[in-house]
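**Student:** Prediction below, plus the sequence it came from.
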Amino acid sequence: MVADPIIPLYNELKAGRPIVVEVITDMAPAPVPGGSTYHFMVLVGMDSNYVWVNDVGKSQGKDACYSLQQFTKSWATSNNHCVFIR
C-alpha cells in the first residue's frame, strides 16, 4: 500500500502550521524550457477540492487558490518536496 502524501500536509494545516512546498511556477504540471520552473510556495490551506498558497513571486500571490488536482500534479514533479514549519 502506498501512503497518500497529501495526508501529512492536511494534518499540519489542521494543526495551524503552514508548509513550504516545491512546485512548478503557476502550478504547471511540468517545467517548460525557458518558462515555468521549480518554485517554492507556502501552503496555507486545503480542502477536498482546493489548496491555498502564498506565492511571494507574485504581487497578488497571497491566498492564491488552485485545484487540489493541479497542485498534486505540480508538487509530484519535485518528488513531493516540502518543509514542515514547527
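**Tutor:** Arrived safely.
**Student:** Pull up the per-residue confidence for residue 14.
**Tutor:** On the pLDDT scale, residue 14 is placed at 96.
**Student:** In the chain, where's the longest strand?
**Tutor:** strand 38-46 (DSSP state E).
**Student:** And it, how far out from the chain middle?
**Tutor:** 4 Å (Cα atoms, centre = their mean, to the nearest Å).
**Student:** what's the average pLDDT for the next helix or strand after it?
**Tutor:** With elements assigned by DSSP states H and E, the helix or strand that comes after strand 38-46 is strand 50-54. For strand 50-54, mean pLDDT is 97.
**Student:** How about residues contacting strand 50-54?
**Tutor:** Applying Cβ atoms under 8 Å, 6 or more residues apart in numbering, the set of residues contacting strand 50-54 from outside is 18, 21, 41-46, 61-68, 71. For glycine as for every other residue, the C-beta is placed from the backbone atoms N, C-alpha and C.
**Student:** in it, what counts as buried?
**Tutor:** 51, 52, 53, 54 (16 or more other Cβ atoms under 10 Å).
**Student:** What is the nearest of those to residue 28?
**Tutor:** Minimum distance to residue 28 across the buried residues of strand 50-54 is 13.9 Å, recorded for residue 53 (Cβ to Cβ).
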